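A.B. asks: okay, here's the prediction I keep looking at, along with the sequence it came from:
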Amino acid sequence: MNKKNPRLAIIAGAAVLGSVLLLQSACGDPNGPSSLIVVPVVPTGEGAPQLFRMNPDGTGLQQLTQGTGVGLPTDANDFPVLSRDRKTLVFASGRNFPPSSTSGDPDPMYRIAYVMDATGGSAHRLTNLDAKHYLEYPDDISPDGTWAVIEAANDGTSVPWILAGITRLYKAKMDGSSCELLIPADRLSQGGANLGCATFTGDGKSLLFLADDGMQCEIWKLDLATQRTTQITHEANVGSVVSWRIPMIAPGNDKLYFATWKHDPSSSSVNVINMDGTGEATVLTISRDPVSLGLMEDRFALSPEGHAFAFAYGAGQQSVAVTGLDGSGMKTVYPPSLFVGWGTLAWR
């Protein structure tokens with residue numbers, strides 16, 4: 001199993017339940033426009049992840065997807081990505097796979113990408129890849145809403161218990177009419193690197209993504225017009241022991257935030273860096289002590305205005321909080337749940 005790339009680790013057998021709640025919350029200026037925070041959670045008593053929409057005080061709960069009760073991965077719907085206009089939701093679903101057997105085949109985390117209205121209607125396949133040979137997790141939707149980026153892994157023959165293939169990035173039209181390879185893995189200096197966790201810059205001209213060569217995980221930038229790739233972070237030069245990062249774009253496209261941890265695994269941090277790779281600095285550090293405030297390091301989001309972070313924390317019973325960029329003013333926006341599951345938080 002590849003422990004560096006979160007999606008590949010999940011594909012390789014991390015059997016974690018999760019369901020999704022869309023929490024409506026004010027971000028940045030309390031008098032400014034409201035936005036949606038998307039978080040994967042497991043409500044008590046649920047057997048498979050489903051998509052829900054609700055207000056931050058717990059009112060207005062609306063279930064967006066329904067399971068059949070046959071179990072995982074069939075009933076799973078998680079890994080949500082919201083469009084910029086908050087009208088479209090891309091998510092990962094296990095509905096193309098039969099339920100897992102006692103031998104563990106298929107893996108409970110097997111998923112295929114779907115798209116639907118953010119109110120819960122009109123779900124359809126996002127790609128035309130063969131579900132028997134690919135596993136898919138959505139990463140982002142282009143700012144103009146015309147296509148999405150997904151991570152897909154292909155074993156070449158069939159989907160085994162532990163997937164042998166590497167993850168690559170594909171672009172898929174939102175109507176499901178086409179899907180094509182976006183960045184061949186061999187384009188990068190790492191050769192057979194796993195690619196994932198992609199996010200668009202605000203102008204839609206570039207794509208930031210992770211490249212994991214099995215030894216180190218770094219953030220790269222793809223210019224969509226020229227197809228030029230540029231490495232932004234160089235954490236290997238400072239002895240980082242990071243397992244993965246989440247690129248988060250500040251408004252104006254001039255700053256990149258990412259969640260990581262380095263020498264001391266007992267704490268995680270959010271760093272900021274210029275798009276040219278200069279000026280890296282730590283803006284927030286959070287204890288990973290599971291008894292107090294154990295940060296779940298792949299569950300982080302930057303607010304649309306770039307004024308605040310949302311993240312998941314805790315052990316056993318877990319919560320979602322919002323803080324200022326420096327960690328001040330922390331407020332729990334979702335009360336303790338059974339588990340804040342897999343899938344990066346989205347804040348639109």
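C.D. replies: Noted; the coordinates are in hand.

A.B. asks: Met277 contacts Gln231, correct?
C.D. replies: No, residue 277 isn't Met; it's Gly. Yes - between Gly277 and Gln231 a contact is recorded at 7.3 Å, counting by C-beta atoms under 8 Å. All C-beta atoms are positioned from the backbone trio N, CA, C, and that covers glycine.

A.B. asks: do I have it right that Ala250 meets Phe258?
C.D. replies: No - if you go by C-beta under 8 Å, Ala250 and Phe258 don't touch, sitting 11.3 Å apart.

A.B. asks: looking at the two, which is more packed in?
C.D. replies: Phe258 (25 against 18; other C-beta atoms under 10 Å).

A.B. asks: look at the residue nearest to Gly71 when sequence neighbours are not counted and tell me its secondary structure.
C.D. replies: Leaving out its chain neighbours, the residue that sits closest to Gly71 by C-beta to C-beta, 6 or more residues apart in numbering is Pro99, at 4.0 Å. Assigned by DSSP: H, G, I helix; E, B strand; the rest coil, the conformation of Pro99 is coil.

A.B. asks: which residues of the stretch 101-250 of the chain fall in strands?
C.D. replies: Here the stretch 101-250 of the chain has its strands, by DSSP state E, counting those that start in this stretch, at 112-117, 124-125, 134-141, 147-154, 167-173, 179-183, 194-200, 206-212, 217-223, 229-231, 246-249.

A.B. asks: for the last one, which helices and strands make contact with it?
C.D. replies: Secondary structure elements in contact with strand 246-249, counted by 3 or more C-beta pairs under 8 Å, 6 or more residues apart in numbering; DSSP states H and E, are strand 194-200, strand 206-212, strand 255-260, strand 295-302.

A.B. asks: what pairs with whichever helix or strand Ala312 is part of, parallel or antiparallel?
C.D. replies: Per DSSP states H and E, Ala312 falls inside strand 308-313. Strand 308-313 has the following strand partners under DSSP bridges: strand 295-302 (antiparallel), strand 318-324 (antiparallel).

A.B. asks: closest to Leu207 out of these?
C.D. replies: Evaluated with C-beta to C-beta, the strands paired with strand 308-313 place strand 295-302 nearest to Leu207, the distance being 16.6 Å.

A.B. asks: give me the mean pLDDT for the closest one.
C.D. replies: The average pLDDT for strand 295-302 rounds to 68.

A.B. asks: Thr127 versus Leu135, what's the distance?
C.D. replies: Distance of Leu135 to Thr127, computed by C-beta to C-beta, to the nearest Å: 11 Å.

A.B. asks: oops, could you answer that again for Tyr257 instead?
C.D. replies: Look at Tyr257 and Thr127: by C-beta to C-beta, they are 29 Å apart.

A.B. asks: and if you look at Ile232?
C.D. replies: For Ile232, the distance to Thr127 (C-beta to C-beta) stands at 28 Å.

A.B. asks: the two - which one has more neighbours?
C.D. replies: More crowded of Ile232 and Thr127, by other C-beta under 10 Å: Thr127, with 24 against 19.

A.B. asks: OK, contacts around the more buried one?
C.D. replies: Residues near Thr127 by C-beta atoms under 8 Å, 6 or more residues apart in numbering: Ile112, Ala113, Tyr134, Glu136, Ile150, Ala152, Tyr170, Ala172, Gly176, Cys179.

A.B. asks: let's see it at 7 Å
C.D. replies: Counting by C-beta atoms under 7 Å, 6 or more residues apart in numbering, Thr127 touches Ala113, Glu136, Ile150, Tyr170, Ala172, Gly176, Cys179.

A.B. asks: thinking again about what came up before, just checking, the residue nearest to Gly71 touches Thr68?
C.D. replies: No - in this structure Pro99 lies outside contact range of Thr68 using C-beta atoms under 7 Å: 9.3 Å.

A.B. asks: more neighbours: which of the two?
C.D. replies: Taking neighbours as other C-beta under 10 Å, Pro99 and Thr68 compare with Pro99 leading, 16 against 10.

A.B. asks: from Gly306, how far off is the more buried one?
C.D. replies: Applying C-beta to C-beta to Pro99 and Gly306 gives a distance of 42 Å.

A.B. asks: quick check: end-to-end length of stretch 135-151?
C.D. replies: Separation of the first and last residues of stretch 135-151 by C-alpha to C-alpha, to the nearest Å is 8 Å.

A.B. asks: mind listing what's buried along that stretch?
C.D. replies: Buried positions in stretch 135-151, judged by neighbour count with 16 or more other C-beta atoms under 10 Å: 135-142, 147-151.

A.B. asks: for it, which outside residues touch it?
C.D. replies: Under the criterion C-beta under 7 Å, 6+ apart, residues 7, 11, 79, 81, 83-85, 88, 90-92, 110-113, 126-127, 129, 152-153, 159, 163, 167, 169-174, 182, 196-200, 202, 204, 207 lie in contact with stretch 135-151.

A.B. asks: next: stretch 268-276.
C.D. replies: Contacts of stretch 268-276 with the rest of the structure, by C-beta under 7 Å, 6+ apart, involve 221, 232-233, 253-261, 279-286, 288, 295, 297, 300, 309.

A.B. asks: send me that stretch as PDB with only the CA atoms.
C.D. replies: Extracted in PDB, the C-alpha atoms of stretch 268-276 (Å, rounded to 0.1, in the frame of the first residue of the first chain):
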ATOM      1  CA  SER A 268       0.500  19.400  12.100                       C
ATOM      2  CA  SER A 269       0.700  22.800  10.500                       C
ATOM      3  CA  VAL A 270      -0.700  24.900   7.700                       C
ATOM      4  CA  ASN A 271       2.000  26.700   5.700                       C
ATOM      5  CA  VAL A 272       1.700  29.400   3.100                       C
ATOM      6  CA  ILE A 273       4.000  29.800   0.100                       C
ATOM      7  CA  ASN A 274       4.200  32.000  -3.000                       C
ATOM      8  CA  MET A 275       3.200  30.400  -6.300                       C
ATOM      9  CA  ASP A 276       6.900  30.600  -7.400                       C
END
